[in-house]
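# Need coordinates for the below:
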Amino acid sequence: MRTRTVLTYFASIALASQAFAIKNNYTLTPLTFPDLYSQAQLIGITDDGTELGVASSSYDGTLANILTNAGNFASFQIQGRDGAYLTGINRSGSICGYSYSPDFTKVTGFVRETDGTVTTIQVPGADQTFVGGIRNNDRVAGYYLDPAGMAHGFVTKRKVGKFVFWDYPGATATYLVDFNANGLAPGFAFDQLGNQVAFITDLANFTPITIPNSIDINPVGLNDKDEVVGSFTDGTDGLTKGFVYGPARFNVIDYTPNWASSIIRDYGSGSSTFHFQSCRTYITGINDKHAISGFSQATYYSDLYGPIALIESFTGVPSK
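Next up is the predicted model:
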């Protein structure tokens, strides 16, 4: 496996942060979903443009797992995993995630192959194992909870069962979210004072990920070009914005569709007007061609009914 140390990575990204700290240097395209699906959230994107997402059924509100490519949509189930939470997809179409037991006391990670077969991922002795990402090197990353409820990061080869564990030094909780072919894993942790720190590690050394004026940073994945994506809270306006953070680019993604200033909802007994308040942006995946997936969440508010959220998913490619 080709490896790249965090020292090499951040020597290049320090220059990229100065030269490429560009806002919205991506061309973003909203996705239109069939009427069957509503409130669809994209989770990841493959090199051939296949997008993975989760949507609510417009009929009964149940969640549906969806794959879409070039306007074609398909739903699928995770065999034996009712209520599964999807977290990533790799180049070959393998999908990872985790699911809860019926009584919500146990969590099991899994990988679903393209033929529908499912491999479970469980840290020995742990009741709760969360898989955060799967890359093209057959490895998955995630975290598990110890008996005290503290989180610890891990990387494993899905069909071997040998785990490598890693904790951020001095942290009370460590969350790894992905692992690429170069041996790098992004994640975040909480220190003894409860402060959150984002980082990238080669499971030996680490370097914090920093974004100016951010309150917290939540990486969710990376590609084999060492580009990390996620979201952060902007300390200037308090809103969530997405980011792409890598050796050749550093972009802040603030996706604001042309939301109406107000909407009217009919609740049977009468209608109510909801007024636009804010919009948040989440970047959820990136492929090796630098294309990203994500969604925006707009909040509307009514004095009578309180807040409601509207979601619009999108993909993006670097602007030329």
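
# show me where the stretch 1-150 of the chain has strands.
Taking DSSP state E, counting those that start in this stretch as the test, the strands found in the stretch 1-150 of the chain are 21-23, 26-30, 37-45, 51-57, 63-69, 72-76, 85-89, 95-100, 107-112, 118-121, 128-134, 139-145.

# and the angle for whichever helix or strand comes after the last one with strand 128-134?
Past strand 139-145, heading to the C-terminal end, the next element that is a helix or strand (DSSP states H and E) is strand 151-157. Computed with axes from the mean of the first three to the mean of the last three CA atoms, to 10 degrees, the direction of strand 151-157 lies at 50 degrees from that of strand 128-134.

# mind listing what's buried in whatever helix or strand comes next after strand 151-157?
Remark: after strand 151-157, the chain's next helix or strand is strand 163-166, criterion DSSP H and E. Using 16 or more other CB atoms under 10 Å as the test for burial, strand 163-166 gives 163, 166. (Glycine included, C-beta is placed from N, CA and C.)

# Looking at strand 163-166 now, give me its mean pLDDT.
Average pLDDT, strand 163-166: 96.

# could I get the strands of the stretch 1-150 of the chain as TSV with mean pLDDT, mean neighbour count and distance to I253?
Below are those laid out as TSV (pLDDT from 0 to 100; neighbours: other CB atoms under 10 Å; distance: least, CB to CB, whole Å):
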stretch	mean pLDDT	mean neighbour count	distance to I253
strand 21-23	51	13	8
strand 26-30	91	16	6
strand 37-45	85	22	13
strand 51-57	80	21	16
strand 63-69	81	18	20
strand 72-76	81	12	24
strand 85-89	92	24	19
strand 95-100	92	22	23
strand 107-112	93	23	28
strand 118-121	92	17	30
strand 128-134	96	26	19
strand 139-145	96	26	23
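
# Can I get those strands in a markdown table including distance to D178?
Shown next, in a markdown table, are the strands of the stretch 1-150 of the chain (distance: least, CB to CB, whole Å):
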| stretch | distance to D178 |
| --- | --- |
| strand 21-23 | 23 |
| strand 26-30 | 20 |
| strand 37-45 | 10 |
| strand 51-57 | 14 |
| strand 63-69 | 19 |
| strand 72-76 | 22 |
| strand 85-89 | 7 |
| strand 95-100 | 10 |
| strand 107-112 | 13 |
| strand 118-121 | 14 |
| strand 128-134 | 3 |
| strand 139-145 | 5 |
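
# Please name whichever of those is nearest to F232.
strand 21-23 (12.9 Å; CB to CB).

# Could you check the pLDDT of D138?
D138 carries a pLDDT value of 80.

# check contacts around it.
157-159 (CB atoms under 8 Å, 6 or more residues apart in numbering).

# Could you identify which of these has the most neighbours?
Sorting those by how many neighbours each has (other CB atoms under 10 Å) puts R158 first, at 19 neighbours.

# out of the contacts of D138, who's nearest Q297?
Nearest member of those to Q297, counting by CB to CB, is R158, at 31.5 Å.

# Now the closest one: phi and psi?
When read as degrees, to the nearest 10, the backbone of R158 gives phi -60, psi -30.

# In this structure it contacts V140, no?
Yes - assessed by CB atoms under 8 Å, R158 is found in contact with V140 at 5.3 Å.

# Mind listing the shared neighbours of the two?
With CB under 8 Å, 6+ apart, R158 and V140 have common neighbours 111, 121, 134.

# Would you tell me which one of these comes nearest to N251?
Within these, the smallest distance to N251 is 24.2 Å, found for I134 (CB to CB).

# what's the closest non-adjacent residue to that closest one?
Nearest residue to I134 in three dimensions, chain neighbours excluded: C96, at 4.1 Å (CB to CB, 6 or more residues apart in numbering).

# Y168 too?
In space, and not counting its chain neighbours, Y168 is closest to A189: 3.6 Å by CB to CB, 6+ apart.

# Check for me that the one you found belongs to a strand.
Yes - A189: assigned to a strand according to DSSP: H, G, I helix; E, B strand; the rest coil.

# which ones are touching it?
A189 touches 167-168, 171, 173-175, 196-197, 199, counting by CB under 8 Å, 6+ apart.

# With A171 instead?
Residues near A171 by CB under 8 Å, 6+ apart: 189-192, 197.
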